[in-house]
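Q: need coordinates for the following:
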Amino acid sequence: MNIYINIIYGNELIGPAGDGVYIDIFNDDSCIVVNINNNDFDNTQTTGFSILNATPNIDFNLNNFDPLFVNAVANDYHLDAASLLIDTCDNAAPGVLTNDLDNFCRLDGLFVYMRAYES
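A: The predicted structure follows:
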């Protein structure tokens, strides 16, 4: 399983791990590797994102940084110019699209942004 280039900001513990209320990955085959790379989420297992019964490979993630969206209340999820998520991801990550949701080229700098809109 590959989870790449996502922003899951402000997630917090709501219930016990494995209850399905907060962000869990539960795998019934402990031999399967879960790759979680180039994401922004609370990666403290006891308060945020948990991987249960799986072998995780967690690299190059940010630990719950404020993404600084332009205006999330108005559903504008473009990043502010001061965001630390700009040019932070692996260009070769699985699933990286050629264009962003605005149909602009994903490679608008050295690296793709950690989000769905490039610029």
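
Q: list the contacts of stretch 69-84.
A: By CB atoms under 8 Å, 6 or more residues apart in numbering, the residues outside stretch 69-84 that reach it are 62, 65, 67-68, 85-86, 113, 115-117, 119. From N, CA and C alone the C-beta is placed, and that goes for glycine too.

Q: let's go with 10 Å and repeat that
A: Identification of contacts with stretch 69-84 by CB atoms under 10 Å, 6 or more residues apart in numbering yields 7, 9-10, 40, 62, 65-68, 85-86, 100-102, 113-119.

Q: and the residues you listed, which of them are in strands?
A: In this view, the contacts of stretch 69-84 that belong to strands under DSSP state E are 7, 40, 62.

Q: now the buried members of the contacts of stretch 69-84.
A: 7, 9, 40, 62, 65, 67-68, 85-86, 100, 113-115, 117-118 (16 or more other CB atoms under 10 Å).

Q: from the residues you listed, which ones fall inside helices?
A: Among those, no member falls in helices (DSSP state H).

Q: mind showing which ranges of this structure have poor pLDDT?
A: 10-27, 43-57, 108-109, 119 (pLDDT under 70).

Q: show me where it has its strands.
A: So, for the chain - with DSSP E - the strands run 2-4, 7-8, 24-26, 33-37, 40-41, 50-52, 55-59, 62-63, 69-71, 76-79.

Q: what packs against the fourth one?
A: If contacts are counted by 3 or more CB pairs under 10 Å, 6 or more residues apart in numbering; DSSP states H and E, strand 33-37 sits against strand 2-4, strand 55-59.

Q: out of the strands of the chain, flag the one nearest A93.
A: Among those, strand 2-4 comes nearest to A93, with 4.2 Å by CB to CB.

Q: partner strands of that closest one, parallel or antiparallel?
A: strand 33-37 (parallel) (DSSP bridges).

Q: what residues of the partner strand count as buried?
A: Result for strand 33-37 [16+ other CB under 10 Å]: buried residues 36-37.

Q: how long is stretch 65-80 end to end?
A: End-to-end distance for stretch 65-80: 13 Å, by CA to CA, to the nearest Å.
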